[in-house]
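1. show me how the following folds:
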Amino acid sequence: MSRGLAWVALLVSLAAPARAQEFASASPAAERSAAALLERGLAPLRPDVAVTTLATRWYGLPELDTRSVALALGWRTLRLGAGASRSGDAELGWSAVALAAGVADARGGAALRACGRARHAGDGAPLTGAEAGAGMWIAPSTTLRVWVSAPQVWIGGDPPPLERWLEIGATVRAGDAELWLARAAAPGAARGASADHLAGARLPLGVVDAWLEVRDHPARGGFGLAATERALRLAASVESHPVLGETVRLALGWESRR
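-> Numbers count the residues shown, from 1 in each chain. Predicted structure coming up:
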């Protein structure tokens, strides 16, 4: 029975636009981090070394768990990233490796990312595929930041688990709080075609950050908390689904800065 539910959840996720994949962290959509560098091509601002371990339970099903590790290195404006991931169990799962390279400073950043996957079909025949894309962000002022992410500009081999759309978003800072809006749509889609919209807000509460996000197609919401102590950061987020169970994400990171 649980195997059947896992297949249903997997098929639903394939049919719906989704931001999350192997290296999506328990962080707001506008976050720039080691995981975001690999997942969406959004280069972090200024880490020398950053390591993040990730765990995601999709729709409350252990058969679809994702475990990942992401590494980012920075030298002056150069940003490099690498990561490895395992999703699902022996029958439903696949493994992935990702690489990314880009530049970033206080005014903006841009990066290229690539991800390769290998999984096994039910008859034991190996299936492999790869994808490549890019992302960028600019900060014209201290209160405004705009980002664009196109993770799947090129796809080769077997199709990826999820279709990744072109996403455009903006973040506005109001005092200590942040507000953001984003829209994701298939590149080249006709005017009026289906798109995925997102809105969120984050507020620091001492050493803890709290945020809320809402999405449509289907309508759903989520919240997250992150605590930072010196170089360590622990984050957790929960996203609801109107039909399936909740998706829970955990992230533990270490970041060294000059």
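2. which residues of this protein fall in strands?
-> If DSSP state E is used as the criterion, the strands of the chain fall at 49-57, 66-75, 78-87, 94-105, 108-120, 126-138, 144-157, 166-174, 177-185, 196-205, 208-215, 220-229, 232-239, 247-256.
3. buried set for the third one?
-> Spelled out, that is strand 78-87. Of the residues in strand 78-87, those buried by neighbour count under the rule 16 or more other Cβ atoms under 10 Å are 79-85, 87. To be clear about C-beta, it is placed using only N, CA and C from the backbone, and glycine gets the same treatment.
4. distance of Asp34 from Glu255?
-> I think there's a mix-up here, since residue 34 is Ala and not Asp. Between Ala34 and Glu255 the computed distance is 8 Å (Cβ to Cβ, to the nearest Å).
5. so, low pLDDT: which residues of the protein?
-> Low-confidence regions of the chain, defined by pLDDT under 70, span residues 1-20, 120-125, 187-193, 257-258.
6. again, 50 this time
-> The model of the chain has pLDDT under 50 over residues 1-20.
7. in TSV: the buried residues of strand 78-87, plus distance to Arg233.
-> Supplementary listing: the buried residues of strand 78-87 in TSV, determined by distance: Cβ to Cβ, whole Å:
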residue	distance to Arg233
Arg79	18
Leu80	20
Gly81	17
Ala82	19
Gly83	17
Ala84	20
Ser85	19
Ser87	23
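8. with distance to Ser27 as added columns, please give the strands of the chain in CSV.
-> Supplementary listing: these in CSV, determined by distance: least, Cβ to Cβ, whole Å:
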stretch, distance to Ser27
strand 49-57, 9
strand 66-75, 11
strand 78-87, 15
strand 94-105, 16
strand 108-120, 16
strand 126-138, 14
strand 144-157, 13
strand 166-174, 13
strand 177-185, 12
strand 196-205, 10
strand 208-215, 8
strand 220-229, 7
strand 232-239, 6
strand 247-256, 7
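9. of those, which approaches Arg40 most closely?
-> Ranking the strands of the chain by their distance to Arg40 (criterion: Cβ to Cβ) puts strand 144-157 first, at 4.1 Å.
10. neighbour-wise, which of Ala34 and Glu255 wins?
-> The neighbour comparison of Ala34 against Glu255 (other Cβ atoms under 10 Å) goes to Ala34, with 32 against 21.
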